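**Q** Below is the structure, and that's it, no one-letter string:
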């Protein structure tokens, strides 16, 4: 049947109408995985039996005249930092190599409740720490557009799975750009919702005050569809917001007429690849032709890499150093063998279980919180964070949306930056401030490089204005002749 | 002349809040369940699980704070206190902290203690909320295999930590302070205050200084004291140690000690555990606690009458002696019981005598609270009325009460069934009196010759003959009359 030619939205319409079977859609995804994943390596775990069983179950209910949920039969890939009940969840780390959660993350449970089918768990940088999926504790994932290149990260497996047709939609998580940057590198749509829009329950924390799960899909309408399923208040997450969930799909066609779109000048400055700049500028032109008004804005703190990147890395690693303390070999996950006492058990377990980047961040975070350094690092970073938030608030007084590049370059070559963490950190230069401010941002394909690599534009909005952000992304997609899968 | 030293003591009292569920999840906080039956992903620190604050725990913490005059902070946060330990599943404890940037739930306030009639206020620094850790069990069979067991049940049980200023000047004052604090905690139903279940645990900070000076000596901490007497003893032992050290020309080192109650000695904890940098930082998984005036007022309205106020009211309203009121108000349930007896028609002074005497004795002997005592307030009131009406004698009443406590039966039923009604019939008593006098002619002769104290002997003999049922007033009168005759 070849459902991977369809979008998630189209597939679920067909399943609802009885024109397509959910089990068939699962088979198609599994076939595609069989065909492509040997080289792309997007998945860490494929739940063949579970997915087929769920697909068949949905078909049975349709035959009995029941109307299935909003994601009826859609094969969904889930980043491996989101807990899936009964299905191995590793966070891309050897320390959780055999960990099987007894619960679903809330966003996963909501997908299941809407009759989306979880086909498997996708690769990522270990504990979502990285920008290329090369920090996975198992193997790197490759970019389906060019296997020599990285898919971005940390949600590289989810981006690659969707780009390769190995799933029709995916969940990623974004702490400093981990949905948007791989979406841009793989030519898919990736949305980081407002902090608090999607429950974090069951999302294995990297940095709690920055993490958000969000959709990664073939087009904007699918992102809107998936967001409407996973968004909303959750009593199990104290930081989830009690803000009504919009009709994200229905709002897409309302266009961008009269909206003011700001171009932060700092995000188009030195260091930006000319091809990326040209593509994002074309996207701005598309919005203008669709009736939006463009204006220049400035983000003096948020747009300043020294402030934004530094503040981000202090806050994120400080939180991470505490979040990863629970992986101590006592209760679950890896435990070293052959230790003399408790301290040695801790040390050996964590030395063996964690990869280099995770260790680096735990040490940085521990240092930043230590007596005598707390004020200079953690507190200072929090103050910068407040200034960054104000920067965006001010910008959103003058305009309704912001448009910028997602990353300074298209997908880079595998191995190119692994030995230079600072270079790697700079690939988050346009994305980290958004997490510090907690605002929503989407990456939407806006063309490609001469080498045929996808390029994404980032559209940002005020807190909880995902509807507006998606409308603008939809306008870019339509204006670029998109709406088809970027693959 | 040798220098005389005085101790300076501050206490940190950890009390378990009497909530049904844990502080950050829905698991039961009840004591005594089989190990590892009260656990879930949240209190086990599973990946991705998140804490959600139990509002009831905040209510209770605010209630004790307001009861001891603390200022509840309009905004306070939880922080992570980071350290590795097997009983701490997340690798950090969610707690609160007080610093330039952080406020705990409540600050200030004080608790008044009384010693030899003098009153003294022990000021409080703060009251903050935190979660308890789990429990490691070092079972012999497992220790032999180099293993220890872990019980998650206590993980996430809600605690408050009440921190005093160093206002306590002796181990006795420390004892009085914690006793008083526990009384208020139990009165306000903020904590069950059950020592056996570890509801209240104490860390003590103590230093000594030359008497009359203002400076502070080097502070030593004694951790994890689980009884008030142990606290008092541990402090006494440590104060002696510090004084002897100084007198011997030595120096007191800042350290953390454990008290061995059996041996009566303090010894240093392993140094690894005392030199922590806890790296506190705000807990990003929780939102700040914002307390508005309405919340404060709602909690204030839940505060019951506190011990002092109750004691004074009992004296005022019922005309009972202060000493009785003091005993009655030690336990709120006992005071309530007393008032219920009076309300049910028992004379107040008699009720006070019975409750502070026989009732408390029974409760102590049975090791139960008044709620589990078989003699209900109405039943005790009826018995008191039977004495008042002369139906039974005071002596018989003791027997009746014992039976009531044993069986839970009503006094009247017991009196009827066992024929214990007091004999107040002049004819019947007269016969007994005559018989007794006739049977003891020598004693009668001596009485008539001036040995008045022998009257008691004759009363006793009449009582014996009537199995205690004779009306003692009448017996007295009749004996005097007939012996004189």
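**A** Happy to help now that I have it. These numbers were taken from a predicted model, which means no experiment stands behind them.
**Q** contacts, neighbours, all on C-alpha from now
**A** Fine.
**Q** show me what contacts the closest residue to residue A:458 other than its chain neighbours?
**A** The shortest distance from residue A:458 to any residue other than its chain neighbours is 4.6 Å, reached at residue A:443 (CA to CA, 6 or more residues apart in numbering or on different chains). Shown in contact with residue A:443 (CA atoms under 8 Å, 6 or more residues apart in numbering or on different chains): A:180-181, A:183-184, A:188-191, A:406, A:456-459, A:473.
**Q** Now with 6 Å, please.
**A** When contacts are counted by CA atoms under 6 Å, 6 or more residues apart in numbering or on different chains, residue A:443 touches A:180, A:189, A:190, A:456, A:457, A:458.
**Q** so is it in a helix, a strand, or just coil?
**A** strand (DSSP: H, G, I helix; E, B strand; the rest coil).
**Q** returning to that earlier point: which of the contacts of residue A:443 fall in helices?
**A** Those of the contacts of residue A:443 mapping onto helices are residue A:180, per DSSP state H.
**Q** Any idea how many residues pack against residue 166?
**A** Just so you know, I chose chain A. Residues near residue A:166, counting by other CA atoms under 10 Å in any protein chain shown, number 31.
**Q** Oops, wrong one, chain B.
**A** Residue B:166 has 20 nearby residues by other CA under 10 Å.
**Q** With chain B as the reference, measure out to residue A:419.
**A** Applying CA to the nearest CA, to the nearest Å, the value for residue A:419 to chain B is 29 Å.
**Q** and if you look at residue A:221?
**A** According to CA to the nearest CA, residue A:221 and chain B sit 29 Å apart.
**Q** how much space between that residue and residue A:259?
**A** Going from residue A:221 to residue A:259 by CA to CA, to the nearest Å gives 20 Å.
**Q** Sketch out the low-pLDDT regions of chain B for me.
**A** Residue ranges of chain B with pLDDT under 70: B:1, B:270-275, B:485.
**Q** Please parse it into its domains.
**A** B:5-299, B:305-418, B:426-484 (automatic domain parsing).
**Q** circling back to that earlier point, more neighbours: residue A:221 and residue A:259, which one.
**A** The residue with more neighbours, out of residue A:221 and residue A:259, is residue A:221; 27 against 19, by other CA under 10 Å.
**Q** and the more buried one, what helix or strand is that in?
**A** Using DSSP states H and E, residue A:221 sits within helix A:220-230.
**Q** next one: residue B:222
**A** Secondary structure from DSSP H and E places residue B:222 in strand B:220-225.
**Q** Ok, residue B:128 next?
**A** Going by DSSP H and E, residue B:128 is part of strand B:118-131.
**Q** near chain A, which residues of the stretch 201-350 of chain B?
**A** Within the stretch 201-350 of chain B, the residues that sit near chain A (CA under 6 Å from any CA of the partner chain) are B:279, B:284, B:286.
**Q** Among the residues you listed, which ones are in helices?
**A** Among those, no member lies in helices (by DSSP H).
**Q** doesn't residue B:205 fall inside a strand?
**A** Yes - the assignment for residue B:205 (three-state DSSP) places it in a strand.
**Q** ok, residue B:118 - how many residues close by?
**A** Residue B:118, neighbours per other CA under 10 Å, totals 7.
**Q** ditto for residue B:418
**A** Here the count is done by other CA under 10 Å, and residue B:418 has 9 residues near it.
**Q** can you pull the contacts of it?
**A** Contacts of residue B:418 by CA under 6 Å, 6+ apart: none found.
**Q** So for the worst-scoring helix or strand of chain A on mean pLDDT, what gets flagged as buried?
**A** Using mean pLDDT, DSSP states H and E, the weakest-scoring helix or strand in chain A turns out to be helix A:421-426, at a mean of 80. Residues A:424, A:425, A:426 are the ones in helix A:421-426 that count as buried (16 or more other CA atoms under 10 Å in any protein chain shown).
**Q** Show me which residues of the next helix or strand after it are buried.
**A** The helix or strand immediately downstream of helix A:421-426 is helix A:432-437, counting by DSSP H and E. Under the neighbour-count criterion of 16+ other CA under 10 Å, helix A:432-437 has A:432, A:433, A:434, A:435, A:436, A:437 buried.
**Q** Next one: the fifth one from residue A:423, what distance?
**A** It stands for residue A:436. 20 Å.
**Q** The fourth one now?
**A** In this structure, residue A:435 lies at 20 Å from residue A:423, with CA to CA as the measure.
**Q** For the residue of the stretch 1-150 of chain B found nearest chain A, grab phi and psi.
**A** Taking CA to the nearest CA, chain A has its nearest neighbour within the stretch 1-150 of chain B at residue B:48, 3.9 Å off. Dihedral pair for residue B:48: phi 90, psi -10, per degrees, to the nearest 10.
**Q** Look at residue B:371 and give its secondary structure.
**A** Strictly by three-state DSSP, residue B:371 counts as helix.
**Q** Can you get me a residue count around it?
**A** For residue B:371, the count of nearby residues is 11 (other CA under 10 Å).
**Q** can you give me the strands in the stretch 301-450 of chain A?
**A** A:401-405, A:441-448 (DSSP state E, counting those that start in this stretch).
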